[in-house]
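[1] how does the following fold in three dimensions:
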Amino acid sequence: MNEPLFQPDDFARLDDSPDDLFYGEPRKVVHIDAAACAAVADFLHDAVPPEAEVLDLLSSWRSHWPPELAKRRLAGLGLNAEEMADNPDLDDIVVHDVNAVPRLPFGDASFDAAIITVSIQYLTQPVAVFRDVHRVLRAGGLFAVIYSNRMFPTKAVAIWRRLNNRQHGDLIAAYFREAGGFVDLEARDCSPPFPPGSDPLYVVMARKALS
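    Coordinates of the predicted model:
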């Protein structure tokens, strides 16, 4: 019998209290600097098709959406309604704790794309969440996980805290593979070259298979 890829302790956290307690107070901050935020917008401009319906998973008060990219809908799912209400790009706001209930409150094939921006490190049931993202995506839909080296360390899972940036990419790729049903898996280094010393930025993405 094959050993499981992940162990329960991999997703333990220094602060294992309910997430709605930690995130109940608004934190209107960004994990990454201005150059990295701009790099997120550049990536979204290039990767997301115009007039798409997009899920911003683990959303907050900023989505870094490129203003020149027309969208049909950007739905934010997060834990703090006040933060998301201050997000100028969101068209819909849904308060939902995916660590408590990984099933997303959306119908099958609801979105053309889904994104997680600098929050993947907080998922305690990532494979279950990835499987449900697959469910809510339309055939061929993009799922992009954008990450850097910043985090709230007490809420990041153990396996994330012990890995480096390259290994983080391998870990996210493993989530995609374990979830199943995704194709065209790709990793990119989108780190801004200027100014020197800007925060790093990486993307691991894949698409829902056409059939």
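[2] name the SS class of the nearest residue to residue 69 once chain neighbours are set aside, please.
    Nearest non-adjacent residue to residue 69, counting by C-beta to C-beta, 6 or more residues apart in numbering: residue 45, 5.2 Å away. The way it works is simple: take the backbone N, C-alpha and C, and place the C-beta from them, glycine included. Classification of residue 45 by DSSP: H, G, I helix; E, B strand; the rest coil places it in helix.
[3] so what's residue 45 up against?
    Taking C-beta atoms under 8 Å, 6 or more residues apart in numbering, we find residue 45 in contact with 66, 68, 69.
[4] ramachandran angles for residue 207?
    When read as degrees, to the nearest 10, the backbone of residue 207 gives phi -120, psi 150.
[5] state the distance from it to residue 82.
    34 Å (C-beta to C-beta, to the nearest Å).
[6] ok, these two, which is more surrounded?
    More crowded of residue 207 and residue 82, by other C-beta atoms under 10 Å: residue 207, with 20 against 12.
[7] and the spatially closest residue to that one that is not a sequence neighbour, how many neighbours?
    Closest residue to residue 207 apart from its sequence neighbours, by C-beta to C-beta, 6+ apart: residue 184 at 4.9 Å. Neighbours of residue 184 under the rule other C-beta under 10 Å: 11.
[8] my read: residue 184 touches residue 208, true?
    No - applying C-beta atoms under 8 Å, one finds residue 184 not in contact with residue 208, separated by 9.7 Å.
[9] tell me the residues that contact both of the two, please.
    By C-beta under 8 Å, 6+ apart, no residue touches both residue 184 and residue 208.
[10] ok, now which ones touch residue 31?
    Residues in contact with residue 31, defined by C-beta under 8 Å, 6+ apart, are 118, 148, 150, 151.
[11] now do the lowest-mean-pLDDT helix or strand in the chain: everything it contacts.
    Across the helices and strands of the chain, mean pLDDT, DSSP states H and E gives its lowest value to helix 19-22, namely a mean of 88. With C-beta under 8 Å, 6+ apart as the test, helix 19-22 has contacts from 15, 79, 97, 99, 100, 122, 152, 155.
[12] just stretch 128-145 next, same as before
    So stretch 128-145 is in contact with 43, 47-48, 55, 57, 98, 102-104, 106-116, 120, 123, 172, 175-176, 178-182, 203-211, going by C-beta under 8 Å, 6+ apart.
[13] apply the buried test to those residues and list what passes.
    If you count burial by 16 or more other C-beta atoms under 10 Å, the buried members of the contacts of stretch 128-145 come out as 43, 47-48, 55, 57, 98, 102, 104, 106, 110-116, 120, 123, 172, 175-176, 179, 182, 203-208.
[14] which ones among those map onto helices?
    Per DSSP state H, helices hold the following members of these: 43, 47, 172, 175, 176, 179.
[15] in JSON lines, list these along with pLDDT.
    Conversion of those to JSON lines gives the following (pLDDT from 0 to 100):
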{"residue": "43", "pLDDT": "98"}
{"residue": "47", "pLDDT": "98"}
{"residue": "172", "pLDDT": "98"}
{"residue": "175", "pLDDT": "98"}
{"residue": "176", "pLDDT": "98"}
{"residue": "179", "pLDDT": "98"}
